[in-house]
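# Give me a 3D structure for the following:
(chains A and B)
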Amino acid sequence: MAPLRTLCRPLSQHIDGIAILPGRRFDFNCGRVTSSAKDACQPGFAFSATGFFCDMELIATPQSMFFEAALPLQSGASLRGYHLSFETYGQLNASKSNAVLICHALNASHHVAGTYAGQDKSEGWWHNMIGPGKPLDTNQFFVIGVNNLGSCFGSTGPMHTNPDTGEVYGADFPVVTVEDWVNAQARLLDALGIQTLAAVMGGSLGGMQTLSWTLQYPNRVRHALVIASAPNLTAENIAFNEVARRAIVTDPDFHGGHFYQHGTVPKRGLRIARMIGHITYLSDDVMNEKFGRQQKAPTPAALDTLLQSYKYSTQEVEFQIESYLRYQGDKFAEYFDANTYLLITRALDYFDPARAYGGNLSLALGRATAKFLLVSFTTDWRFSPKRSREIVKALLDNKRDVSYAEIDAPHGHDAFLLDDPRYMNVVRSYFENISRSLEGQP
Amino acid sequence: MNAHHTTDGLVSPTLQRIGELVPEGARVLDLGCGDGTMLAHLQKVRGCTGYGIELDDANVLACVQRGVNVIQLNLDEGLSMFEDASFDVVLQIDTLQNLRNAEVMLRETVRVGRFGIVAFPNFAHWPNRLSVLKGRMPVTKRLPYQWYDTPNIRVGTHADLGVLARACGLKVLDNFGIQDGEVLRFAPNLLAGTSVYKLSR
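Just a heads-up that it's a prediction; the model follows:
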């Protein structure tokens, strides 16, 4: 596909324009990258091992690009005059051949690596993977993190103003798909002067975008790293998304998606959406290991007898797992946008590259020419190894270069954000080979 | 020594002899590919392409480090990921003796490949026979494990594999032994530490 011509300019030239957007008058953390960064860096869970590789050397600087030309969307609608927030790390080499694009999953952002100057605990969401000396080494590669359209971390989303109506989009923000995001990302690369990516990498929904890159822009991707992902969602997976969406939509504070005008936030719905999501990102074993049947706040008496009495209450928090889920839900509802949650889960549901090929994934992946690394985790039941193997098989059928690591990790879907050394080492080695192949280029 | 796990990128003479059965430019599937030494050798020397299948994490990493395509799978779960005759050659080097479903995998090898090459330690090699005559299980360079801690869940002889292949209705295109890095066609069942079969449907 030919690169799309775009009109764009850096946000710095446009900052006044954004300041007067009516969407900004609402007190949304989501609209401001800086205030949301703290949460955005923790899509994993609190007891994860991430943070071990705390790296203070890499200072991240959020940027924004304005795109004037309308982006045609898969739905037939289009998006006019939009911003994309992004960050870059490392140096683009002279031949512009060392760029790596990182695609984010449901609740993450363009803040992939490094920290924000002067802000504690502002690590990017994949900072254990990406940075100087990390598996994806920013001393070797020019890494780009980009926030997707419809998100709530700076790129144009439902909390912003529709230039056609002068009203906040709210529920009227057009449905965006994985393919639409990839097209938008391609425009950003055009603007950055990058024709070909050394690699695209993403986990979960980010892995879907990575896969889609190899199909939409096969000539622009040399390597694709698809982590803990799937060629589409199963019925069960769509079902989880639907429960989350119903929780939000039926919250009286949702107001049909136009809650901004009502000065409300459907926090109850968001909390429940996050709670159910969180359960599916973990494994039974890891939950039992961490929480088991522990009760909340043992009393001194209980510590003596080792048997704490129940409260015999149906509504109070009795078990630690309840407390943990409520905490995660509360935290999430403070910073995440309800319409964004609906949009992003819908993008997950719709992704299905085999659909246009009668469900035949091998035919669908015939377009891909990139070399692939796939990684899955044995206890991930939301994006199970079986789904990754389907992609591997389709690539084998097309005689594509592919390697596949199935990591026997206990942490469920969230394992892709954690530090399992087998996982990290495979990714590191894969990038080292890419780096060597770049050096070999004229 | 396990013929496949030569490590440090050096290709043993045994692997070189087996590699000579693989046509130039062949598309190869290496079942139980170890650290990828053989595939890297075939890519470099014979211009082959292909994939290794490996279960062990350290070996998977070694393959990725070497730039060899590797798929992490348990062979005991079968080869359903691979279509019929989708490879020119399927290698099974020192793998058969570790598999529960050896017979199924033998059939799968020739289903997925136009032909298969199976190599494994020959239990009927005379030093092994001598050891058993003396009443003890052999511990040799080729079979270096004690009987109680061996990863080989079965032992077989050069003659045995011929019988099994024919019982499975497979064609034996060629068979020979390898001893001291040399092909041995005279009395391989007695004189060779490694048994090699070239099989097809």
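# residue furthest from the geometric center of chain B?
Centroid-distance maximum for chain B: B:Lys134 at 28.7 Å, with CA atoms, centre = their mean.
# got a pLDDT number for that residue?
Per-residue pLDDT puts B:Lys134 at 96.
# Same question for B:Leu96.
89.
# can you pull the contacts of the closest residue to A:Asp352 other than its chain neighbours?
Take A:Asp352 and drop its neighbours on the chain: the residue closest to it by CB to CB, 6 or more residues apart in numbering or on different chains is A:Asn232, 4.0 Å away. Every C-beta, even on glycine, is put in place using the N, C-alpha and C of the backbone. Shown in contact with A:Asn232 (CB atoms under 8 Å, 6 or more residues apart in numbering or on different chains): A:351-355.
# May I see the buried residues of stretch A:134-149?
Buried residues in stretch A:134-149, defined by neighbour count with 16 or more other CB atoms under 10 Å in any protein chain shown: A:134-138, A:140-149.
# Show me which of the residues you listed is closest to chain B.
Relative to chain B, the closest of those is A:Pro135; by CB to the nearest CB it sits at 11.7 Å.
# tell me the pLDDT at the closest one?
With respect to pLDDT, A:Pro135 has a value of 98.
# didn't it look like it was pressed against A:Phe431?
Yes: using CB atoms under 8 Å, A:Pro135 is in contact with A:Phe431, at 6.3 Å.
# Ramachandran coordinates for A:Tyr404?
Dihedral angles of A:Tyr404 (phi, psi; degrees, to the nearest 10) stand at phi -140, psi 120.
# Which residue ranges of the chain form helices?
By default, I'm working from chain A. A:15-19, A:33-40, A:178-192, A:205-216, A:235-249, A:259-262, A:267-281, A:284-290, A:300-305, A:320-335, A:338-350, A:361-364, A:385-397, A:421-439 (DSSP state H).
# um, chain B though
B:13-19, B:37-46, B:57-66, B:102-112, B:126-133, B:158-167, B:188-191.
# Ok, which of those comes nearest A:Pro218?
Smallest distance to A:Pro218 across the helices of chain B (CB to CB): 22.8 Å, for helix B:57-66.
# Tell me if the one helix or strand in chain B whose mean pLDDT sits lowest is near chain A.
Ranked by mean pLDDT, DSSP states H and E, the helix or strand of chain B with the weakest confidence is helix B:102-112, at a mean of 93. No: on the criterion CB under 8 Å from any CB of the partner chain, helix B:102-112 is out of touch with chain A, staying 10.4 Å away.
# between that helix and helix B:158-167, how big is the angle?
60 degrees (axes from the mean of the first three to the mean of the last three CA atoms, to 10 degrees).
# Which positions in helix B:102-112 come out as buried?
Buried residues in helix B:102-112, counted by 16+ other CB under 10 Å: B:102, B:105-112.
# packing partners for that helix?
Contact analysis of helix B:102-112 by 3 or more CB pairs under 8 Å, 6 or more residues apart in numbering or on different chains; DSSP states H and E lists strand B:27-31, strand B:87-93, strand B:113-121, helix B:158-167, strand B:194-200 as its packing neighbours.
# now the ones you listed in JSON lines, with mean neighbour count, distance to A:Arg245 and mean pLDDT?
Listed next are the helices and strands packed on helix B:102-112 as JSON lines, based on neighbours: other CB atoms under 10 Å in any protein chain shown; distance: least, CB to CB, whole Å; pLDDT from 0 to 100:
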{"stretch": "strand B:27-31", "mean neighbour count": "25", "distance to A:Arg245": "44", "mean pLDDT": "98"}
{"stretch": "strand B:87-93", "mean neighbour count": "25", "distance to A:Arg245": "45", "mean pLDDT": "97"}
{"stretch": "strand B:113-121", "mean neighbour count": "25", "distance to A:Arg245": "48", "mean pLDDT": "96"}
{"stretch": "helix B:158-167", "mean neighbour count": "17", "distance to A:Arg245": "57", "mean pLDDT": "96"}
{"stretch": "strand B:194-200", "mean neighbour count": "23", "distance to A:Arg245": "55", "mean pLDDT": "97"}
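# Alongside chain A, which residues does chain B contribute?
Residues of chain B found near chain A (CB under 8 Å from any CB) are B:27, B:49, B:51, B:57, B:60-61, B:63-65, B:67, B:69-73, B:81-83, B:86.
# Narrow these to those that are buried.
Counted by 16+ other CB under 10 Å, the residues of chain B next to chain A give B:27, B:49, B:51, B:57, B:60-61, B:63-65, B:67, B:69-73, B:81-82, B:86 as buried.
# Tell me which residues touch the residue nearest the centre of chain A, please.
Most central in chain A under CA atoms, centre = their mean is A:Ala105, positioned 1.8 Å from the mean C-alpha point. For A:Ala105, the contacting residues are A:43, A:202-206, by CB under 8 Å, 6+ apart.
# and if you look at A:Asp380?
A:228, A:283, A:412-413, A:415-416.
# try 10 Å this time
By CB atoms under 10 Å, 6 or more residues apart in numbering or on different chains, the contact set of A:Asp380 is A:204, A:228-230, A:280-283, A:387-388, A:406-407, A:409, A:411-416.
# contacts with chain B among these, please.
Residues of the contacts of A:Asp380 in contact with chain B (CB under 10 Å from any CB of the partner chain): A:406-407.
# quick one: which of the contacts of A:Asp380 sit in strands?
Those of the contacts of A:Asp380 mapping onto strands are A:406-407, per DSSP state E.
# need the contact list for A:Arg387.
Applying CB under 10 Å, 6+ apart to A:Arg387 gives the contacts A:207, A:228-234, A:237, A:374, A:376, A:380.
# partner residues bridging A:Ser64?
Judged by DSSP bridges, the bridge partners of A:Ser64 are A:Ser85.
# Sorry, wrong one. I was asking about A:Tyr89.
Under the criterion used (DSSP bridges), A:Tyr89 bridges to A:Val143.
# any idea how far the nearest residue to A:Phe332 once chain neighbours are set aside is from A:Leu205?
Take A:Phe332 and drop its neighbours on the chain: the residue closest to it by CB to CB, 6+ apart is A:Arg274, 3.9 Å away. Noted for A:Arg274: a distance of 16 Å to A:Leu205, by CB to CB, to the nearest Å.
# and what of A:Arg367?
21 Å.
# repeat for B:Ser195
B:Ser195 is 50 Å from A:Leu205, where distance means CB to CB.
# And for B:Asn74?
Distance, B:Asn74 to A:Leu205, by CB to CB: 28 Å.
# just to revisit the earlier point, so which of the helices of chain A is the most packed in?
Scoring the helices of chain A by mean neighbour count under mean count of other CB atoms under 10 Å in any protein chain shown gives helix A:205-216 as the most buried, with a mean of 27.
# CA atoms of that one as PDB?
Taking Å, rounded to 0.1, in the frame of the first residue of the first chain, the C-alpha atoms of helix A:205-216 are listed here in PDB:
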ATOM      1  CA  LEU A 205      -4.200  -5.900  21.400                       C
ATOM      2  CA  GLY A 206      -0.800  -4.400  20.500                       C
ATOM      3  CA  GLY A 207       0.100  -7.800  19.000                       C
ATOM      4  CA  MET A 208      -3.000  -7.500  16.800                       C
ATOM      5  CA  GLN A 209      -1.900  -4.100  15.500                       C
ATOM      6  CA  THR A 210       1.500  -5.600  14.900                       C
ATOM      7  CA  LEU A 211       0.000  -8.500  12.900                       C
ATOM      8  CA  SER A 212      -2.200  -6.000  11.000                       C
ATOM      9  CA  TRP A 213       0.900  -3.900  10.100                       C
ATOM     10  CA  THR A 214       2.400  -6.900   8.300                       C
ATOM     11  CA  LEU A 215      -0.800  -7.200   6.300                       C
ATOM     12  CA  GLN A 216      -1.600  -3.500   5.600                       C
END
